[in-house]
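# Sequence unavailable; structure follows:
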């Protein structure tokens with residue numbers, strides 16, 4: 001196990017987490033992230049999880065009492081240093097995509113929430129995960145099909161973010177900094193749109209393994225495949 005975070009005890013050994021899930025008959029909440037959850041300079045999303053989600057009273061209670069918690073680092077997180085030229089330096093992680101998986105007591109995926117959402121959305125998703133973890137394969141597909149038909153909130157983009165998107169190379173550098181000062185609701189709406197795509201795959205009966213689901217999310221949703229050494233950040237300047 002890892003050290004407590006927000007009063008929560010996390011497994012870092014997946015086999016041990018599955019054994020605990022079977023013992024307690026609780027589903028697993030498994031976080032995949034860049035960097036380490038127990039270090040300050042983990043990816044941007046996971047830092048927000050530690051500050052915004054995990055300490056929140058409703059979430060904290062649900063995680064402590066109804067889930068087995070597990071996290072795993074996929075790879076080191078890119079770090080950028082901004083030198084202001086006067087002796088001041090700002091060190092930040094450059095990218096921040098993480099995904100929470102809900103796994104049943106056998107360690108099989110039943111849902112995944114990519115990215116950062118508001119506490120209210122996360123609570124609703126955790127409650128739904130408890131029900132999905134009890135479904136057989138057929139019922140799981142039915143429940144996801146119902147979920148995929150629900151309206152998806154459209155993200156409201158800040159004027160600064162919209163301006164940044166005009167030049168892709170500029171956007172790649174600026175977007176993480178702009179997101180840091182943009183409303184969490186923007187990230188939440190975008191994450192829910194990605195989650196709808198996850199739900200569609202479960203509704204179609206895709207037999208996901210944990211590794212295959214995580215690889216698909218990072219490759220097709222986050223656009224930062226594991227085999228890309230630059231995580232999609234090495235974008236050429238527009239011609």
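Okay, I see it. What you see is a predicted model, and the numbers here were worked out from it, not measured in a lab.

# Checking residue 113 next. Helix, strand or coil?
The assignment at residue 113 comes out as strand when based on DSSP: H, G, I helix; E, B strand; the rest coil.

# Spatially central residue in the chain, please.
The centroid of the chain falls nearest to residue 99 when counting by CA atoms, centre = their mean (2.4 Å).

# so who does the residue nearest to that residue when sequence neighbours are not counted touch?
Counting by CB to CB, 6 or more residues apart in numbering, residue 99 lies nearest to residue 114, which is 4.6 Å off, once chain neighbours are set aside. No exception for glycine: its C-beta is placed from N, CA and C like everyone else's. The contact partners of residue 114, taken as CB atoms under 8 Å, 6 or more residues apart in numbering, are 97, 98, 99, 191, 194, 195, 198, 217, 221, 222.

# change it to 7 Å
Residue 114 sits next to 99, 191, 194, 195, 198, 217, 221, 222 when contact means CB atoms under 7 Å, 6 or more residues apart in numbering.

# Ok, residue 35 next?
41, 42, 43, 46, 73, 76, 77, 93.

# Please report how far it lies from residue 228.
Counting by CB to CB, to the nearest Å, the separation of residue 35 from residue 228 is 17 Å.

# Same check on residue 26?
35 Å.

# So which of the two has more stuff around it?
Each of residue 26 and residue 228 has its neighbours counted (other CB atoms under 10 Å); residue 26 has more, 18 against 13.

# so where does the more buried one fall, helix or strand?
In the assignment (DSSP states H and E), residue 26 maps to no helix and no strand.

# helices and strands around the lengthiest helix in the chain, which ones?
When the chain is scanned for its longest helix (criterion: DSSP state H), the result is helix 184-203. With contacts defined as 3 or more CB pairs under 7 Å, 6 or more residues apart in numbering; DSSP states H and E, the packing partners of helix 184-203 are strand 109-114, helix 137-148.
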